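**Q** give the three-dimensional model of this entry:
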Amino acid sequence: MLSVEELRAEAHCLREAVNNVSDPQTKQELATRALELSQRAEALERAGVDPWMLRANIDRYRSLLASRTLDAAQQRIIEEMLADAERLLGDFKKTADP
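**A** Residues are numbered from 1 along each chain as shown. Next comes the predicted model:
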């Protein structure tokens, strides 16, 4: 799992790459991915090490995925955010248990 700083750095690189690409579709794809990475970074930062927030986010992400109302791009980002939250919660449990 990438850290908040790594996600932000990757998003920044993608935003910079948008300026060097002439194809509109490629620009859109890069910009969309940069936004997704930024959203993941924000979600990770907000959740921090608060297990209650992590559990709430996991429940919300699972509910969104179960609703089957997401398009493919939305589903991918929610799946990534769910995996991030589950890993964080697992890490928190490992450090909390003596």
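**Q** can we go C-alpha only for contacts and neighbour counts from here?
**A** Fine.
**Q** which pLDDT value belongs to the residue nearest the centre of the chain?
**A** Nearest to the mean C-alpha position of the chain, counting by Cα atoms, centre = their mean, stands residue 40 at 2.5 Å. As summarised for this prediction, residue 40 has a pLDDT of 83.
**Q** equivalent analysis for residue 72, please.
**A** 90.
**Q** and if you look at residue 91?
**A** 74.
**Q** buried stuff in stretch 83-95?
**A** By neighbour count, and taking 16 or more other Cα atoms under 10 Å as the criterion, the buried residues in stretch 83-95 are 84, 85, 86, 88, 89, 92.
**Q** taking those together, which two end up most distant?
**A** When these are compared pair by pair using Cα to Cα, the two farthest from each other are 84 and 92, 12.2 Å apart.
**Q** tell me where the model's unsure across the protein.
**A** Counting by pLDDT under 70, the ranges of the chain that qualify are 1, 48-49, 93-98.
**Q** and residue 41, what does it touch?
**A** For residue 41, the contacting residues are 3, 4, 5, 7, 8, by Cα atoms under 8 Å, 6 or more residues apart in numbering.
**Q** and those, which are buried?
**A** Among the contacts of residue 41, those classed as buried by neighbour count (16+ other Cα under 10 Å) are 4, 7, 8.
**Q** dump those residues to TSV, plus secondary structure.
**A** Formatted as TSV, the entries for those read as follows, by DSSP: H, G, I helix; E, B strand; the rest coil:
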residue	secondary structure
4	helix
7	helix
8	helix
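**Q** where along the protein do the helices fall?
**A** Here the chain has its helices, by DSSP state H, at 4-18, 24-47, 51-67, 72-96.
**Q** next one: the first one to chain centre, how far?
**A** Average the C-alpha atoms of helix 4-18, do the same for its chain, and the two points are 13 Å apart (Cα atoms, centre = their mean, to the nearest Å).
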